[in-house]
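> no letters, just coordinates:
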């Protein structure tokens, strides 16, 4: 039996990436973690994408990769205010 308790799926935020997430997580529902690999975590597009991912996957843990540390405070405030994250792990 394959154990996926510590496996995450990684995604960008280009057109079509959300649909790919949906397909993969429908095929492998045991995956509980989503990693968003972004370079521009401060952009409005990123904030909107995180909101969409949270709406589609309300029970998954969302992590962000390549998130510039100097932008963490600004983004953290925006994302918490939007209800997109319940915790931020650095």
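In hand now; what should we look at? What you are looking at is a predicted structure, and each value in this text was computed from that prediction instead of being measured. Residues are numbered from 1 along each chain as shown.

> mind listing the helices in this protein by residue range?
17-27, 44-56, 72-82 (DSSP state H).

> go through those and find the least confident stretch.
When the helices of the chain are compared on average pLDDT, helix 72-82 comes out lowest at a mean of 65.

> quick one: contacts for the nearest residue to residue 30 once chain neighbours are set aside?
In space, and not counting its chain neighbours, residue 30 is closest to residue 4: 4.2 Å by CB to CB, 6 or more residues apart in numbering. The C-beta positions use only the backbone N, C-alpha and C, and glycine is treated the same way. Contact analysis of residue 4 by CB atoms under 8 Å, 6 or more residues apart in numbering lists 28, 30-32.

> ok, now with 10 Å
28-33 (CB atoms under 10 Å, 6 or more residues apart in numbering).

> among those, which pair sits farthest apart?
29 and 33 (12.7 Å; CB to CB).

> these two: who's more crowded?
residue 33 (15 against 9; other CB atoms under 10 Å).

> how near is that one to residue 51?
18 Å (CB to CB, to the nearest Å).

> what sits opposite residue 63 in the beta ladder?
residue 35 (DSSP bridges).

> please report how far it lies from residue 20.
Distance from residue 63 to residue 20, by CB to CB: 17 Å.

> compare these two and say which is more crowded by neighbours.
Applying other CB under 10 Å to residue 63 and residue 20 shows that residue 63 carries more neighbours, namely 16 against 13.

> hmm, the more buried one is touching residue 32, no?
No: under the criterion of CB atoms under 10 Å, residue 63 is not in contact with residue 32, lying 11.1 Å apart.

> overlap of the contact sets of the two?
In contact with both residue 63 and residue 32: residue 8, using CB under 10 Å, 6+ apart.

> you'd agree residue 13 is up against residue 45?
Yes: using CB under 10 Å, residue 13 is in contact with residue 45, at 6.7 Å.
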